[in-house]
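Engineer: Please work out how this folds:
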Amino acid sequence: MEQATDWPDLIADPKRLLLDMAVLRGTAELLSLVVHRLAEPAHVALVRIWLLRPGDICAICRLRPECPDQTRCLHLVASAGNSFADPGADYSGIDGAFRRFPLGVRKVGRIAATATAIEVPDMAVEPDWIAHPEWIRAEGIRGFGGQPLVVGDEVLGVLAVFSRVPIGQAGLDWLRTIADCAAASLANARAWEEIGALEHRLAQENEYLREEVRGGESFGEMVGQSTALVAMHGQVRLVAPTDSTVLILGESGTGKELIARELHQRSGRAERPLIKVNCAAIPRELYDSEFFGHTRGSFTGAVRDRVGRFELADGGTLFLDEIGEIPLDLQSKLLRVLQEGEVQRVGEERPRKVDVRIIAATNRDLKQESADGRFRSDLYYRLSVFPIVVPPLRHRTDDIPLLTEHILAQLARRFGRPVPRLTVANIQQMQRYDWPGNIRELQHVLERAFITSTDGRLTLDLEDRPPSPPAAEDALPPPILTAAQLRQLEADNIRRALREVNGKIYGSDGAAALLGLKPTTLASRMKSLGITTTVSVQ
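Structural biologist: Next up, the predicted model:
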């Protein structure tokens, strides 16, 4: 019988391999080092490493009938060797017949499932588990060592070595040591890569937030006490704690982004980022890259990997402003992400899972756009799970005094000057104006007046500014309702509010708060209108 060979005869310097593994921080470099260094001697025919990962090719995997659950399997990630029977054969590929092994199936699967090595120092008798006996005979395989890669209680994968000479006890001991060190180095490399990925993501988020601070034109919190605003606040309180998609509707300048921020801050995702995308500002050819990201070299100008907005918002909220501006032929890609919760970077083949709450905003009538074929109806219904309408400033003129004081106080801090005197005539002048640009226009008018108020008096440039033309719904005067119709309208409105809050009247999330009424007032009106509810009102 041929003398069994100790491992130092098969690898010139195993200690050097251990030292080289210890300093590597990249998984790919580590795997390549192990298989190529072990496969250097001519006596070694093949060295391979499989790692445990989620199932990904179950539909075409040749071992699927033997796989217990199609959730996890061993992926071939590194291979090296040399052939005597076919000197031109390439053993470095990882896409051959044995690129996947189910847990517990065949010798490699059993090693991972049991965390126990399979060692055959000398194949004097061919084992029954050999899948390709003809290859074993052609290459003259005499020894096999299969070691689990284990860290703590976790099996990471399997290291397998096929030798053309019998392997002595010292060789098997060295193989166990190398497998243990490779597993520890692999865990460290993964940790370093995860840290690097988190640092890169944090840098991306910080860069995004800095851009937001530089370019943002926020005009503070929503200020006011009008009935329309209080009703809208009630809707925000109801939907914010959920993960439901929200569609914010309203004219330009009404503060739709502020509503999105309030929804995010009141949600369980407040500790994660709120990422804003202005859909109208993205060039058509960059939509995929902006939303889903790209890999370096995927197209001309892609000099580095880029994280898309969906990945940046993972775990948080993505605010899609001006959603109606997305071209029709690109809306299907957005719909697919919303349905499947997966994004695929440009230049990558595998999708990435994302957990994102969507808040969209538009000043368009998406329902009409959908009916006219300019917006996908399936995307519209996906977005409009919970619509919130932001009232224009002309419908909340009672809030103008509070808004004006709030904006002037901000301007005073910004310019380091005292707040100019606000007169009753100023308020009346502003309340008579139609404000086609809504709060954004109010802010700009007040800033211009603040700069020109050299004597402490506020002079508003509104006299020569004609009111905006009436909206389509305001073009005709509303019909005059009878007293009975008014009572029916009020009763229907209260019933809708009660259904919205599951019959609750009292509290910050009750129907009274939603309607902007005192609970006692609401109870009195319900009694007079003959409205009853079987749901608890406490």
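
Engineer: Work out which residue lies at the spatial centre of this protein.
Structural biologist: Central residue of the chain (CA atoms, centre = their mean): Asp314, 2.6 Å from the mean position.

Engineer: gap between that one and Gly157?
Structural biologist: Applying CB to CB, to the nearest Å, the value for Asp314 to Gly157 is 27 Å. Just so you know, the C-beta spots here come from the backbone N, C-alpha and C atoms, and that holds for glycine as well.

Engineer: mind listing what the closest residue to the residue nearest to the centre of the chain other than its chain neighbours touches?
Structural biologist: Of all residues not flanking Asp314 in the chain, Val354 sits nearest, at 4.8 Å (CB to CB, 6 or more residues apart in numbering). Val354 is in contact with 310-311, 313-314, 337, 341-343, counting by CB atoms under 8 Å, 6 or more residues apart in numbering.

Engineer: Of those, grab the buried ones for ChimeraX.
Structural biologist: Selection of buried members from the contacts of Val354 for ChimeraX, criterion 16 or more other CB atoms under 10 Å:
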select :310,311,313,314,337,343
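
Engineer: Looking at the contacts of Val354, which are in strands?
Structural biologist: Under the assignment DSSP state E, those contribute 342-343 to strands.

Engineer: Among the contacts of Val354, find me the one that's closest to Ala117.
Structural biologist: When the contacts of Val354 are compared for distance to Ala117 (CB to CB), Glu342 wins out at 37.9 Å.

Engineer: gap between the residue lying closest to the closest one once chain neighbours are set aside and Ala203?
Structural biologist: Excluding the flanking residues, the one nearest Glu342 by CB to CB, 6+ apart is Pro351, at 4.0 Å. As judged by CB to CB, Pro351 and Ala203 stand 24 Å apart.

Engineer: more crowded one of those two?
Structural biologist: The neighbour comparison of Pro351 against Ala203 (other CB atoms under 10 Å) goes to Pro351, with 15 against 11.

Engineer: so that one touches Gln344, yeah?
Structural biologist: Yes. Using CB atoms under 8 Å, Pro351 is in contact with Gln344, at 4.6 Å.

Engineer: returning to what we had before: separation between the residue nearest to the centre of the chain and Ala270?
Structural biologist: 15 Å.

Engineer: Relative to the whole chain's centre, how far out is the lengthiest helix in the chain?
Structural biologist: Selection of the longest helix in the chain by residue count, based on DSSP state H, yields helix 169-215. Taking the mean of its C-alpha atoms, helix 169-215 sits 21 Å from the chain's own mean (CA atoms, centre = their mean, to the nearest Å).

Engineer: And for stretch 334-350?
Structural biologist: 11 Å.

Engineer: Could you do stretch 65-75 as well?
Structural biologist: 28 Å.

Engineer: ok, now stretch 13-25?
Structural biologist: For stretch 13-25, the distance to the chain centre is 38 Å (CA atoms, centre = their mean).

Engineer: Going by neighbour count, list what's buried in that stretch.
Structural biologist: 14, 17-18, 20-21, 24.

Engineer: From those residues, pick the one nearest Arg137.
Structural biologist: Pro14 (29.0 Å).

Engineer: Report whether the expected contact of Leu175 with Gly143 is present.
Structural biologist: No. Counting by CB under 8 Å, Leu175 stays clear of Gly143, with 10.1 Å between them.

Engineer: hey, what's in contact with both of those two?
Structural biologist: Ile167.

Engineer: picking that back up, counting contacts, what elements does the helix or strand following the longest helix of the chain pack onto?
Structural biologist: Note on helix 169-215: by DSSP states H and E, the next helix or strand toward the C-terminus is helix 227-239. When contacts are defined as 3 or more CB pairs under 8 Å, 6 or more residues apart in numbering; DSSP states H and E, helix 227-239 sits against helix 256-265, strand 386-389, helix 511-515.

Engineer: Let's have those in a markdown table, adding mean neighbour count, mean pLDDT and distance to Ser370.
Structural biologist: Below are the helices and strands packed on helix 227-239 laid out as a markdown table (neighbours: other CB atoms under 10 Å; pLDDT from 0 to 100; distance: least, CB to CB, whole Å):
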| stretch | mean neighbour count | mean pLDDT | distance to Ser370 |
| --- | --- | --- | --- |
| helix 256-265 | 20 | 91 | 19 |
| strand 386-389 | 16 | 92 | 13 |
| helix 511-515 | 25 | 78 | 28 |
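
Engineer: As a markdown table, those with distance to Asn188 would be great.
Structural biologist: Listed next are the helices and strands packed on helix 227-239 as a markdown table, based on distance: least, CB to CB, whole Å:
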| stretch | distance to Asn188 |
| --- | --- |
| helix 256-265 | 37 |
| strand 386-389 | 46 |
| helix 511-515 | 55 |
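
Engineer: Met232: which of the ones you listed is closest?
Structural biologist: Comparing these by CB to CB, strand 386-389 comes nearest, at 6.4 Å.

Engineer: List the buried residues in stretch 54-63.
Structural biologist: Buried, per 16+ other CB under 10 Å, within stretch 54-63: 55, 58, 61, 63.

Engineer: right, and the third one touches Ala97 too?
Structural biologist: No. Assessed by CB under 8 Å, Cys61 is found out of contact with Ala97, at 10.6 Å.
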